[in-house]
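Undergrad: Curious how this folds, go ahead:
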Amino acid sequence: MSFTLHPRLQQDCISVGRFELCRLLMMNDSLYPWFILVPEKADVSEIFQLNQAERGLLIEESSYLAENLAALYQADKMNVAAIGNMVPQLHIHHIVRYRTDKAWPGPVWGKFDAVPLTEQQISQHLDQIKDRLSASLRPII
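TA: Next comes the predicted model:
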């Protein structure tokens with residue numbers, strides 16, 4: 001079976017590009033810089049379902065993304081989590097947090113309705129993140 005992105009992720013996110021293992025998405029929410037890694041593997045809902053090499057690659061891609069997001073957005077804290085209660089497809093949230101953000105210090109889930117990004121904000125975020133990650137980010141084909 002081939003990889004297909006879960007419909008909820010398609011609906012809520014903007015495609016950014018691909019790493020070796022994962023697709024990179026940006027959550028359409030202007031309240032936080034929020035990105036999601038999705039391993040491009042069919043029928044995987046848990047990290048332990050990946051083979052050893054894939055698990056290692058997922059940690060590398062996640063760490064690389066978190067480090068770059070923290071620097072790019074000058075984060076006070078990076079929230080990185082694989083929850084999967086609403087979307088069973090394995091995906092890892094990378095949320096830039098600030099002590100001044102609306103949900104601080106609590107989690108962002110279920111606190112406030114998403115505020116969609118404007119076209120200008122989408123363009124700005126995509127330009128910044130693609131420039132920052134250009135050495136390892138490939139387009140989605």
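
Undergrad: residues contacting the most centrally placed residue in the chain?
TA: Computing the C-alpha centroid of the chain and ranking residues by C-alpha atoms, centre = their mean puts Ile36 first, at 1.4 Å. Contact criterion C-beta atoms under 8 Å, 6 or more residues apart in numbering gives Leu9, Cys13, Leu24, Leu25, Met26, Met27, His91, Ile92, His93, His94 as the residues in contact with Ile36. For glycine as for every other residue, the C-beta is placed from the backbone atoms N, C-alpha and C.

Undergrad: element containing it, please.
TA: strand 34-39 (DSSP states H and E).

Undergrad: Direction included, what does that strand pair up with?
TA: Each strand paired with strand 34-39, and its direction, by DSSP bridges: strand 22-27 (antiparallel), strand 92-97 (antiparallel).

Undergrad: and the contacts of Ile36 as a markdown table, adding pLDDT, distance to His125 and neighbour count?
TA: Formatted as a markdown table, these follow (pLDDT from 0 to 100; distance: C-beta to C-beta, whole Å; neighbours: other C-beta atoms under 10 Å):
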| residue | pLDDT | distance to His125 | neighbour count |
| --- | --- | --- | --- |
| Leu9 | 98 | 17 | 17 |
| Cys13 | 98 | 12 | 22 |
| Leu24 | 98 | 12 | 25 |
| Leu25 | 98 | 12 | 23 |
| Met26 | 98 | 6 | 20 |
| Met27 | 98 | 10 | 21 |
| His91 | 98 | 18 | 24 |
| Ile92 | 98 | 18 | 22 |
| His93 | 98 | 16 | 18 |
| His94 | 98 | 13 | 23 |
